[in-house]
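# Need coordinates for the following:
(chains A and B, ligands or ions: 2)
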Amino acid sequence: MKLLDSGSIAATAIIRYPLRSSMLLLAIAIGVSAVLILTSLGEGARTYVTKEFNSLGTNLLIITPGKIEIGGNASAASIGQAVRPLTLQDAMAIERSPYIESILPFIGGSAAVNFDGRERNVNIVGTNHNMAVIFDYEMAKGGFLPAIALDKVSQVAVLGGTVASELFQNENPLGKWLRIGDRRVRVIGVVEQTGQSGSVDVDETAFLPIAFAAQVFNTESVQKMMANPRDADVMEAARKDIVRTVMARHQGHDDITVLDQGAILNTFNSIFLVLTSTLGAIASISLIVAGTLIMNVMLVAVSQRTAEIGLIKALGGQRRQIITLFMMEAAILSFIGAVLGVLLGETAIYLMRELYPAVEFHAPLWATMAAVALAVLCGLLFGIMPARRAAALDPIEALASH
Amino acid sequence: MIELVDICREFTVGEERVQALKNVNLKIEQGEYASIMGPSGSGKSTLLNVLGLLDTPDSGKYFLNGSNVAQLSDDELAARRQQVIGFVFQSFHLISRMTALENVELPMTLSGLSASKRRKRAEQMLERTGLADRMGHRPDQLSGGQRQRVAIARSIVMEPRLLLADEPTGNLDSKSGSDVLALLEELNQEGITLVMVTHDPAIGDRSRLSLRMHDGELTAERKR
Ligand SMILES: Nc1ncnc2c1ncn2[C@@H]1O[C@H](COP(=O)(O)OP(=O)(O)OP(=O)(O)O)[C@@H](O)[C@H]1O
Ligand SMILES: [Mg+2]
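Ligands and ions are numbered 1, 2, ... in the order given. This next block holds a predicted model:
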C-alpha cells in the first residue's frame, strides 16, 4: 500500500467521525498553544529586560568606585573600609589606555538654576560630549557639550527641554547666561524632549562639562564611568587595563568595580532561556495528557472499526499495513491539532501584545517547532498501542463484530 | 486446486470443547462450482474460513494449488488471500464511508497498485456487475442487492482463482438473491472456482459439487 493511499484512507476515517476527531484536535491544540503562550511569557520578559540594556549598546564597561564582590565573600579588608573615590585624574588615565576608544564620566546632583529672576531646582549631570553619542540624544537647538579635556573647566550648559522652556519660556536660550549657585553659565544647546534615558530624566536635567560640575558640587569624585573599548575583542584586555591603571594610581589597591555590560546581558539571557524552557516543559505536560487522550480515542476508533479491520485482513492486508493506517490517522490528527494549536497560541499572544504593548510577547521559533514535533511524536507514540491491537485482531472475530 | 486432508478444528468455549471440523477430507478442482449445506452450527462457515485462509486448522493438511498452506505465518496467509482468494459475505462488509468505486478499489489499494490503474479496473468491475451508474454512491445509498454486487466486484477485482461465498443471498430478497446468484454462476462459468455456503436446496441442486455437513463432518458428497 502506498503511503499516500493510507493517508487518504485515514483521512476519510477522520472525517467520518467528526466528534471523535474534533475532541482530539482540541486537546492537542490546547497543549500546543499552552507551550506557545507560556514560552512567549518568558521570551517577552527576556526581550523586555535586554532591550533596556541594549539601549546602551552591549560593548560597554561600567566602572564604579568600591569593590563589589560578585559570587564571593567580601574580603575582611574591604568591609568597613571607606570607599576611595574615583577622580577626574583617574578618568583621564583610563582615557589614555590604548584599549579604550572613549569614556563617559558621570557626576550627578541637583542645584538651583536662575535666569532673569526665575529660579528652578534642576538635576545636574556633569559629563562629556560622549553622553549624547552613547545615549543617542537629538538636539533641538545648538549643540551638546564640547569635546574638551576632562579637566578643562568650561562654563557652558546644555539644557533638557523642560528646563529650557520653564526658565526661558518663549525666549531663545542659546547664548544666554544662567546662574548656577554663584557661577555664571552660558547656554549652548537644548536637547529634544526625550524622557527617561538610562538613569537620567533628560528633560529635567542641565548638562555641564564634568570639571565644571565638579567645581559646582565642590567635589573631586566621579560617581560612575562608562568606557567603550576599541572593539569587542579587547573587552577583557580593556577591563584588566582599567583595573591595573587605577590600582597603580591608588597605591596598589584594587578598589574599583568594572562590569562588562555584555557579560551581564549574557547572564540575563541565559537565565531567561532556562526560565522559558522550563515554562515550555511544564506546558508540554499538557501535550502528554493529550497523548493519553489520543490513545483512548484511537482505541475507540479500533473498536468502532473492528469489522473494517477484519475486512482489510480478509482482502490481504498485512499487519504492517493496518498499523500504518491507524498510526497515520493518529499522526494526521496530531499534526492538524498542532497546527491549530499554533494558530490558537499565536492569536492569544497577539491579544496579549495588544493588552500589554510594553512587553513584546512572542513564542520563540524553537518552542513552536518543538511543540509541533512533540505533538506529532505523542500522536505516534500513543497511537502505537491501539494500532498494534488492531493489527492483532483475529480476522474472523473482527468480521463477525457487527 | 484444493485438497484437504484430515482437517480438524476445535473451539473451546469456557469448559466446553466444540469440534467444528472433524477429519474433513475434500478435493475441489479448478473451475468447480461447489455448494456446502447443513444445519446451523454444523461447521460450514468454519470450513469456508479454513479454505479462505482466515482460520488455521489444528491439524491436517491443506494444499492450495499444490502447496501446503496449513502452517504459514499470518502475513504469508494474507499475501495468499490477496493473490488467490475472493470473499463474498452475507453482510456485504462494505466500508460505509467509501463510495462503491472506492470499496472496489480497496484490495488494489492494499496491494499498492497506482491510482489510475485502480480506478480503471474498478470501473470495469462495476460495469461488469451492472453498477455502471452507481459508482459514486455510498453503501447506504444502495439496495441490498446492489451492495452485494459491489462486494462481488470487489471480490474479483484482483482476479482470484477461488471465490468463497458464505450465504451470499442470506440477507437479500428472492429477486435480488437470484440476480446475485446468477452473477456468481456467470463468474464460475468464466473459470473461477466457486465455493458457496447456502441454506437454499435449490442452489444446492444447481451446483456441480454438492457437499453436506453435519456436526463438523462432511457427510455427503454428490457430484454431477
Ligand atoms: N470463534 C469461535 N469460538 C467458539 N466456537 C465457535 C467459534 N466459531 C464457531 N464456533 C462453533 O463451531 C461450530 C461451527 O460453527 P459454524 O459457524 O462453522 O457453523 P455454521 O454451519 O456456519 O452455522 P450457521 O449455519 O449458523 O452459520 C458451532 O458450534 C459454533 O458454535
Ligand atoms: Mg455460518
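# Only C-alpha atoms from now on, for both contacts and neighbour counts.
Fine.
# Can you name the residues of chain B sitting close to chain A?
Proximity of chain B to chain A is confined to B:49, B:54-55, B:74-75, B:77-83, B:86-87, B:93, B:95, B:97-98, B:107, B:109-113 under the rule CA under 8 Å from any CA of the partner chain.
# go with 7 Å
B:54, B:75, B:78-79, B:81-82, B:93, B:95, B:97, B:107, B:109-112 (CA under 7 Å from any CA of the partner chain).
# A:Gly189: which of the residues you listed is nearest?
Distance to A:Gly189 across the residues of chain B next to chain A (CA to CA) is lowest for B:Arg97, with 81.0 Å.
# Among the residues of chain B next to chain A, which one sits closest to A:Met247?
Taking CA to CA as the measure, A:Met247 lies nearest B:Gly112 of those, at 82.0 Å.
# Verify the contact between that closest one and A:Leu4 for me.
No: counting by CA atoms under 7 Å, B:Gly112 sits too far from A:Leu4 to count as a contact (10.3 Å).
# follow-up on the earlier one: out of the residues of chain B next to chain A, who's the most crowded?
The most crowded member of these, judged by other CA atoms under 10 Å in any protein chain shown, is B:Pro107 (27 neighbours).
# Contacts only, for that one.
Neighbouring residues of B:Pro107 by CA atoms under 7 Å, 6 or more residues apart in numbering or on different chains: A:Leu315.
# could you redo the last one with a cut-off of 8 Å?
A:312, A:315-316, B:82, B:154, B:157-158 (CA atoms under 8 Å, 6 or more residues apart in numbering or on different chains).
# Let me know the secondary structure of it.
helix (DSSP: H, G, I helix; E, B strand; the rest coil).
# got it, and A:Leu178?
strand.
# Report the contact partners of the residue nearest to the spatial centre of chain B.
In chain B, the residue lying closest to the centroid (CA atoms, centre = their mean) is B:Leu164, at 1.8 Å. Residues in contact with B:Leu164 (CA under 8 Å, 6+ apart) are B:48, B:52, B:85-88, B:194-196.
# swap the cut-off to 6 Å and go again
By CA atoms under 6 Å, 6 or more residues apart in numbering or on different chains, the residues touching B:Leu164 are B:87, B:195-196.
# so which of the residues you listed comes closest to chain A?
For those, the residue nearest chain A by CA to the nearest CA is B:Phe87; the value is 7.5 Å.
# Could you confirm that closest one falls within a helix?
No: counting by three-state DSSP, B:Phe87 is not part of a helix but strand.
# beta partners for it?
Assessed by DSSP bridges, B:Phe87 has beta-bridge partners B:Leu164.
# Near it, how many other residues are there?
26.
# Could you measure from it over to B:Leu48?
10 Å (CA to CA, to the nearest Å).
# Grab the CA positions of stretch A:113-120 and hand them over as PDB.
What follows is stretch A:113-120, C-alpha atoms only, in PDB (Å, rounded to 0.1, in the frame of the first residue of the first chain):
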ATOM      1  CA  VAL A 113      19.400  77.400  38.400                       C
ATOM      2  CA  ASN A 114      18.500  81.000  37.900                       C
ATOM      3  CA  PHE A 115      17.600  83.100  34.900                       C
ATOM      4  CA  ASP A 116      16.300  86.600  34.900                       C
ATOM      5  CA  GLY A 117      14.800  86.200  38.400                       C
ATOM      6  CA  ARG A 118      13.200  82.900  37.600                       C
ATOM      7  CA  GLU A 119      14.700  80.100  39.700                       C
ATOM      8  CA  ARG A 120      14.200  76.400  39.500                       C
END
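# so what pLDDT did the residue in the stretch 251-400 of chain A positioned nearest to ligand 1 get?
Closest approach of the stretch 251-400 of chain A to ligand 1 (CA to the nearest ligand atom) occurs at A:Glu397, with a separation of 6.5 Å. At A:Glu397, the model reports a pLDDT of 93.
# Repeat that for A:Ala281.
Note on A:Ala281: pLDDT of 89.
# any idea what B:Gly130 is structurally, helix, strand or coil?
B:Gly130 ends up coil, using three-state DSSP.
# which residue packs closest to it, ignoring adjacent ones?
B:Arg149 (7.9 Å; CA to CA, 6 or more residues apart in numbering or on different chains).
# Spell out which helix or strand contains that neighbour, please.
Per DSSP states H and E, B:Arg149 falls inside helix B:144-156.
# how far out from the middle of the chain is that helix?
Computed by CA atoms, centre = their mean, to the nearest Å, the separation of helix B:144-156 from the middle of its chain amounts to 12 Å.
# which residues of chain A fall in helices?
A:3-16, A:18-54, A:88-95, A:130-134, A:161-168, A:210-216, A:235-249, A:261-304, A:306-314, A:319-355, A:365-391, A:395-400 (DSSP state H).
# Run a quick neighbour tally on B:Lys223.
The number of residues packed near B:Lys223 is 10, by other CA under 10 Å.
# what's across from it in the sheet?
Here B:Lys223 sits in beta bridges with B:Leu209, as judged by DSSP bridges.
# Thought B:Leu209 was touching it, still the case?
Yes: between B:Lys223 and B:Leu209 there is a contact under CA atoms under 6 Å: 4.6 Å.
# I'd like to know how many residues surround residue 125.
Just going to use chain A. Neighbours of A:Val125 under the rule other CA under 10 Å: 23.
# ah, I was thinking of chain B
B:Met125 is flanked by 24 other residues according to other CA under 10 Å.
# In contact with it, which residues?
Contact analysis of B:Met125 by CA under 6 Å, 6+ apart lists B:Ala153.
# Okay, it and chain A: tell me how far apart.
To chain A, B:Met125 is 16 Å away according to CA to the nearest CA, to the nearest Å.
# Ligand 1 contacts on chain B?
B:11-13, B:18, B:20, B:39-46 (CA under 6 Å from any ligand atom).
# and those, which of them are in helices?
Judged by DSSP H, the residues of chain B next to ligand 1 include B:44-46 as members of helices.
# Mind picking the one among those residues that's closest to A:Gln89?
When these are compared against A:Gln89 (criterion: CA to CA), the nearest one is B:Thr46, at 106.6 Å.
# Name the nearest residue to B:Thr12, ignoring sequence neighbours.
B:Val18 (6.1 Å).
# Could you find the closest non-adjacent residue to B:Arg121?
Using CA to CA, 6+ apart, the closest residue to B:Arg121 is B:Val157 (7.2 Å).
# Got the phi and psi for the one you found?
Per-residue torsions, B:Val157: phi -70, psi -30 (degrees, to the nearest 10).
# how many neighbours does it have?
22.
# measure it to ligand 1 for me?
Remark: distance between B:Val157 and ligand 1 (CA to the nearest ligand atom, to the nearest Å) = 26 Å.
# what does A:Gln193 give?
Taking CA to the nearest ligand atom, one finds A:Gln193 at 89 Å from ligand 1.
# who's in contact with that residue?
With CA under 6 Å, 6+ apart, A:Gln193 has these contacts: A:161, A:203.
# quick one, what contacts the residue nearest to the spatial centre of chain A?
The residue lying closest to the centre of chain A (CA atoms, centre = their mean) is A:Thr47, at 2.1 Å. Listed by CA under 6 Å, 6+ apart, the contact set of A:Thr47 is empty.
# if we can go back for a sec, among the ones in helices among the residues of chain B next to ligand 1, which one has the most neighbours?
B:Lys44 (29 neighbours).
# And the residues of chain B next to ligand 1, which is the shakiest by pLDDT?
B:Val13 (88).
# Pull the number of nearby residues for that residue.
Neighbours of B:Val13 (other CA under 10 Å): 8.
# and if you look at A:Ile271?
Neighbour count of A:Ile271, defined by other CA under 10 Å: 12.
# Could you do B:Glu186 as well?
B:Glu186 has 12 neighbours, counted by other CA under 10 Å.
# Same check on B:Phe11?
A count of nearby residues for B:Phe11, using other CA under 10 Å, gives 12.
# before we move on, what about A:Leu340?
Look at A:Leu340: counted by other CA under 10 Å, it has 19 neighbours.
# Which residue lies closest in space to it, excluding its sequence neighbours?
Of all residues not flanking A:Leu340 in the chain, A:Ala29 sits nearest, at 5.5 Å (CA to CA, 6+ apart).
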